[in-house]
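# Attaching a predicted model along with its sequence, questions to come.
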Amino acid sequence: LSNEVFLAAATDEFLRGSISHGRPGTPMSAWGMDYAGPLSPQDIDDVVAFLRTWGEHTLPQIHNKVISGDPAAGLPLYQQHCASCHGESGQGDSAISVANPWFLELASDGFLLHAIEVGRPGTEMAAWDPVLPPLDRHNLVALLRSWASTVEIGSAHV
């Protein structure tokens, strides 16, 4: 969470949603009251404000990027470069679950592309910008998007 590149790319909405909804099927619990967690919306805002004290974070202009790619072309790239950490189906092994419905609901295409391009310094997530051409990076984002599924808020679907 304290990774400077992550915090610079993550919007407050992304952080709020991640705290509130958690990541079902992962160790990240839902902390929002809508999911029987102990945190009110104000408490979650306070946690986000606290996270923002971990440094100066200028949000890059990434979230409105339009990504067009081919999920089928992204699959062999994913298997070659990503599956060893993120799992064969994106379920997360030694790295986060990139197929988690709530993660994909909250992450913009630009957020996903940015993570692929610049990585997460200080972690195992490498920067793929110098290795993969733009079309390959877009194909990876398209593949991740193809794994998105409906998420539930209480009993409603999004």
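Arrived safely.
# residues contacting Gly119?
Applying Cβ atoms under 8 Å, 6 or more residues apart in numbering, one finds that Gly119 lies in contact with Val5, Met125, Ala126, Ala127, Trp128. Bear in mind the C-beta positions are built from the backbone N, C-alpha and C, glycine included.
# Distance of the last one relative to Ser94?
Just to be clear, that refers to Trp128. Counting by Cβ to Cβ, to the nearest Å, the separation of Trp128 from Ser94 is 17 Å.
# still on that earlier bit, narrow the contacts of Gly119 to just the buried residues.
With neighbours counted using 16 or more other Cβ atoms under 10 Å, the contacts of Gly119 contain these buried positions: Val5, Met125, Trp128.
# Single out whichever of these has the smallest pLDDT.
Checking pLDDT across these, the minimum falls on Val5 at 87.
# so who does that residue touch?
The neighbours of Val5, taking Cβ under 8 Å, 6+ apart as the test, are Val118, Gly119, Arg120, Pro121.
# tell me which of these is nearest to Cys82?
Compare each of these with Cys82 using Cβ to Cβ and the shortest gap goes to Gly119, at 11.6 Å.
# what's the pLDDT at the closest one?
If you check Gly119, the pLDDT there is 94.
# just Gly154 next, same as before
Predicted confidence (pLDDT) at Gly154: the value is 54.
# Kind regards, and thank you for your time.
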